[in-house]
Structures are given as structure tokens and as C-alpha cells.
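Asker: Have a look; sequence and predicted model below, questions after that.
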Amino acid sequence: QVQLVESGGGLVQAGGSLRLSCAASGRTFSSYPLGWFRQAPGKERDFVAHISWSGTTRTYADSVKGRFTISRDNAKNTVYLQMNSLKPEDTAVYYCAVPSPTNSGSPYSSRSYDYWGQGTQVTVSS
């Protein structure tokens, strides 16, 4: 079992920055990859970023590439999502997620993840 708690969301003007955190507990944190997803009202939950267990491999959705950075601190059991140059279309609830050890699906699909946090709201005003 893995427990995930997101924080750091809020209201920011377009062009501003936020840093989201995802604190994990349960399984050995350094043993699993982690993804960030987001869901806007009336829309599906979309992939944002993924980081490997070691932190050496990071992938991003095209819509955030060059603006968002995912990182992890295994000593603090925390993954971060630094979001710069925010746009109104980035407004959504942001979730972090972890796959179970037996789930080897695509990191870009929400179906590949078994444990989810409660989400944190990010609102970008124009």
C-alpha cells in the first residue's frame, strides 16, 4: 500500500509559478516510479509528467514540456512538480499517482496507476 498527499496548489496569475509536492508513505519510496496527472472540470484525467524510481528518466506531456519540471527527493519521500509560465489552460486538479509492482502499463495512461492522492487545485487566472 502507498499513501499519497499532494500540496502546493493555489491561485496564480498567468505567467506565474507554483511548486506542487507529493508526499508518499507506505512502500519503499525509492522503489517505484511516480506520475502527475491533471483533470479539468468535465474532462478526462490527463498525463502531465512521469519520473522513474531513480529520477534519471523524466517524461512530459507536450503541453507542459519546457515549462514544468518533475523531480524527486527519495530522502524526503517526496516528488515535486515545478510549474513555470503557467497558462489559464493549466487550471485543473493535479494528482500524483503510483503503480502497483505488478502494473507494467504505459506511464502515460491513468489506468497504469493504482494509488492516487486526493488532488490539489491549481487555478490560473488570465
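Answerer: Perfect, I can see it now. Numbers count the residues shown, from 1 in each chain.
Asker: ok, so what distance separates the nearest residue to S85 once chain neighbours are set aside from T78?
Answerer: Sequence neighbours aside, R67 is the residue nearest to S85 in space, at 4.7 Å (criterion: CB to CB, 6 or more residues apart in numbering). Quick note: C-beta positions are derived from backbone N, CA and C, even for glycine. In this structure, R67 and T78 are 21 Å apart, going by CB to CB, to the nearest Å.
Asker: Tell me which of those two has more neighbours.
Answerer: T78 (18 against 15; other CB atoms under 10 Å).
Asker: Dig out what that one forms beta bridges with.
Answerer: A23, D73 (DSSP bridges).
Asker: That one reaches A24, doesn't it?
Answerer: Yes. Using CB atoms under 8 Å, T78 is in contact with A24, at 7.1 Å.
Asker: Could you tell me which residues within stretch 54-74 count as buried?
Answerer: G55, Y60, A61, V64, F68, T69, I70, R72 (16 or more other CB atoms under 10 Å).
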